[in-house]
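Trainee: Predicted model and sequence follow; I will ask about them next.
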Amino acid sequence: MTNGNATALACRDISVNYGVVAALADVSVDFAEGMIHAVVGQNGAGKTTFARVAAGIVHPDKGTVEIGGKPVPVGNVGRARSAGIEIVHQSFALPPSFTVAEAMEFGAEGRGALYSRRDLERRWTRHLDALGVRVKPRERIRDLPVETQQAVEIARALVTDAKVLILDEPTAVLSPSGIDNLFERLKVMQANGVTIILILHKIREVLSIADTVTVLRGGKLVEGPTLTTEIDAPRLAASIIGTTADGLSDTDRDALVGAAEEDDDGTETAAASVAAGPAILDMRGISTRPDPEGPALVDVALRVGRGEIVGIAGVEGNGQRTLVRALSHLADITAGTVELSGIEVTHQPLSDRRANGLRVIPFERNSEGLSLSSTLWENWAARSLLRDGVLRLISPAKIRKACSAALKVWDVRFSTPNQPAGSLSGGNAQKLILAREVDEDATLIIAAQPTRGLDVGATAFVWRSLREARARGCGILLISSDLDELFDISDRVVVMLGGRVNGEFSRPYHLGEVGAAMTGADR
Amino acid sequence: MDDTIIAILRSGTPLIYVTLAGVLAQRSGIWHLGLEGLMIIGACAAVLGVVQSGSILVGLGIGIVLCVLASALLWFVIEKLRANPIIAGLGLTGLGLGGTDLAVQAIYGSQASVNAPFGLPRLGPAFGQYGVLSILVVLMPVFVIAVWVLTRRTRWGLQLAASGEHPFAARSVGVNPARMRLIALCLGGVLCALGGAELSMGSLQIFAYGMTAGRGFMAFAAVIFGGGNPLGATGAAFFFAIVGALGIRAQLLFGERVPPDFLLALPYIATVIGVWISGKLRGGAKAAASFGELKDY
């Protein structure tokens, strides 16, 4: 346990229930002053809820919070902030249309009722300079690259005299070198006396930065705060995953919690590559018009063979979404050709491409993948209904029956095929999409962030499904921002940067090399 | 020329007050389609208040109180009952149009209009031709500047914008987006009451059923045109007023050759074209996609 130091943040018996689900159950934890603390756990373990309770954003059903030894009323952001606690959210919380200076100002306290643009910029330039954030105060948040956006967000959190800074999964959107920069910055802040609480889910990161680690599992405290010098990766992995992960291979287990040592990567042969056969997907020199969803593709060449999983790595917003849109005939292709199993489909509509075996597991399962207000059977049958033509008569009873059978095979937990898709949990919703997209006629499956936000069991299920599809001879394009996931299941990894392909890697993967390609540091 | 300027100021001023109310609501994240209803409540209350009490201040005061109450009701329905803001706003417009008619019928029987003994204070003969302009016309630029400063040059304005654009961000710094919306709507209620009063008591001294004639919707169009900037929205409202004044001019000149209905419809046509252009300029489809739904936080 931590020793001697005064307590910066103390939480007592915190319980939060969302409906009948307990997000946190009687969590009590003390964080010592002046240290970097990590809070880890799988998705759904309650980490974010815990951070939000501490910051006053979520009102707990039970429990108390003390900051610097003084009790603070729970569920009150204003009081929590004046007591010195600030939070940086995982998906950033700055209005996209604001300029950097405005983003600093809107959460500031104290003087400054009226301002001119110039005053505002001068005031905050100094603050940003002091934190080493290089950005023009006049730039808009939406135009900033993610790494700068995060730095601005941290600067925003430090406009007041913060004593405790909580960062919710700050590394999820960063490249490996971005993570190094972030950790440098946090160490400087720690030296200045700020207590830092990091919500993380990679063991590698925990062990490299944190002084103590606290593990949450299923809303309960299972470990900590324990000094990181007194715990090792295997024990931490066991503590995070618990006993629910039976049947996982060691490499999958390491990938899930980010525990793999870089040097071991070369020896991972569990997922032996199938010999790449003839091309399922052949993109040559593809360029697109600029797209509101991300940068345009520039001269992208990409080949996916039979029985091959090709991973797409890259910091978010470097053309991955445009790539999926181009393959789905949603982006305007200005140059180049796309071939599916040898048939050119560059200007074919999506329905023709689907007839050629293209399947898409989209980025946003709730808005692009499913119609949440439609029933399970409607969502499930959408593919075949479109294929058979809209004027053909259908028998809902038959579809419902087939749907029930299919969803059972895919292990979707549901009560009736008539329930709306919105009533499914994230993991079950993703399985419903898999049940629709991964069929026997599929030849190329595009899986965009298929495991984001899923718990251990569902993540392992998705990986297994993709591997089974590969074994059947499907080509799979896996887009992920989780390098551990890509390294674990991809036969090759292609890095995208600014809409271009910036490097291709095969096993054994080296985090440093792939990371350098993600930021362009190799040039 | 002076006539035309006076005509533009007279028809533009009520529109601008109401437009400012729409801008405040839009900054807070609500597309306000109740402007028409609030405006007619303000117009009706001013006339009826003056007729009943003999005091212009009482007339304005009643208008302001009623419009603020109606705005608070709109907020309650949107924020607490989670109604769709577009539908709720249209409901408020219906309430205003129907309620004012009912009030007139209840008090004066089946009368189509109510005349007031006097109107808003005017500038007076010292200003020559411009002496016919009311005090609210003179104050209009003050309100425009005040709303601009409040929304674009204060921390409060940034917090209001954050409440509209990214309520979770606002909440994360301790701002209550629901309260910001209430304040924005109620301030808008005051502005709508003034705009309505200028309409019925500024140049005329009469309340007639349905006399707002879609000006609230025109103001809404000006809000879209202005893209959240009070100055841009004011400019758009002015533009609509200019087209209206030219329409009346044109009626005098070409009334025999062109149907007068067409000339009277000019401001509305200009509104449609204006909204179309602003949609082209800043991606209307995207705005329409998020249209109406209150963002969650």
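Mentor: Okay, I see it. Numbering: from 1, shown residues only, chains lettered A, B, ... in the order given.

Trainee: How many neighbouring residues does the residue of the stretch 1-150 of chain B found nearest chain A have?
Mentor: Per C-beta to the nearest C-beta, B:Val149 is where the stretch 1-150 of chain B lies closest to chain A, at 6.8 Å. Just so you know, the C-beta spots here come from the backbone N, C-alpha and C atoms, and that holds for glycine as well. When counting by other C-beta atoms under 10 Å in any protein chain shown, one arrives at 13 neighbours for B:Val149.

Trainee: again, but for the one 4 residues further on
Mentor: Neighbour count of B:Arg153, defined by other C-beta under 10 Å: 17.

Trainee: can you tell me how far it sits from B:Gly210?
Mentor: From B:Arg153 across to B:Gly210, the span is 38 Å (C-beta to C-beta, to the nearest Å).

Trainee: need the residues of chain A near chain B, please.
Mentor: A:55-57, A:76-78, A:80-81, A:87, A:89, A:93-98, A:102, A:105-108, A:112-116, A:292 (C-beta under 8 Å from any C-beta of the partner chain).

Trainee: give the contact list for residue 239.
Mentor: Just going to use chain A. A:Ser239 makes contact with A:Val215, A:Arg217, A:Val222, A:Glu223 under the criterion C-beta atoms under 8 Å, 6 or more residues apart in numbering or on different chains.

Trainee: other chain: chain B
Mentor: Listed by C-beta under 8 Å, 6+ apart, the contact partners of B:Phe239 are B:Ala270, B:Gly274.

Trainee: May I have the helix or strand bottoming out on mean pLDDT in chain A exported as PDB, CA atoms only?
Mentor: Ranking every helix and strand in chain A by mean pLDDT, DSSP states H and E puts helix A:250-257 at the bottom, with a mean of 77. Extracted C-alpha coordinates of helix A:250-257, given in PDB (Å, rounded to 0.1, in the frame of the first residue of the first chain):
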ATOM      1  CA  ASP A 250      -1.600 -16.700 -24.200                       C
ATOM      2  CA  THR A 251      -1.000 -14.300 -27.100                       C
ATOM      3  CA  ASP A 252      -4.700 -13.300 -27.200                       C
ATOM      4  CA  ARG A 253      -4.600 -12.800 -23.500                       C
ATOM      5  CA  ASP A 254      -1.500 -10.600 -23.700                       C
ATOM      6  CA  ALA A 255      -3.100  -8.600 -26.600                       C
ATOM      7  CA  LEU A 256      -6.200  -8.000 -24.600                       C
ATOM      8  CA  VAL A 257      -4.400  -6.300 -21.800                       C
END
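
Trainee: Low-confidence ranges, the chain, go.
Mentor: Because you didn't say which chain, this covers chain A. Applying pLDDT under 70 to chain A flags residues A:1-5, A:111-113, A:243-247, A:260-277, A:291-293, A:389, A:522-523.

Trainee: ah, I was thinking of chain B
Mentor: Ranges of chain B meeting pLDDT under 70: B:282-297.

Trainee: which residues of it fall in strands?
Mentor: Along chain B, the stretches classed as strands by DSSP state E are B:113-115, B:206-208.

Trainee: Near residue 69, how many residues? Count them for me, please.
Mentor: By default, I'm working from chain A. 10.

Trainee: hm, I was asking about chain B
Mentor: Counted by other C-beta under 10 Å, the residues lying close to B:Leu69 total 13.

Trainee: That one: what's it in contact with?
Mentor: If you count contacts by C-beta under 8 Å, 6+ apart, B:Leu69 has them with B:Gly189.

Trainee: again, only this time at 10 Å
Mentor: By C-beta atoms under 10 Å, 6 or more residues apart in numbering or on different chains, the residues touching B:Leu69 are B:Ile41, B:Cys186, B:Gly189.

Trainee: For A:Gln449, state which of those is nearest.
Mentor: B:Cys186 (43.1 Å; C-beta to C-beta).

Trainee: from what I can see the closest one touches B:Trp75, true?
Mentor: Yes - taking contacts as C-beta atoms under 10 Å, B:Cys186 lies within contact range of B:Trp75: 7.7 Å.
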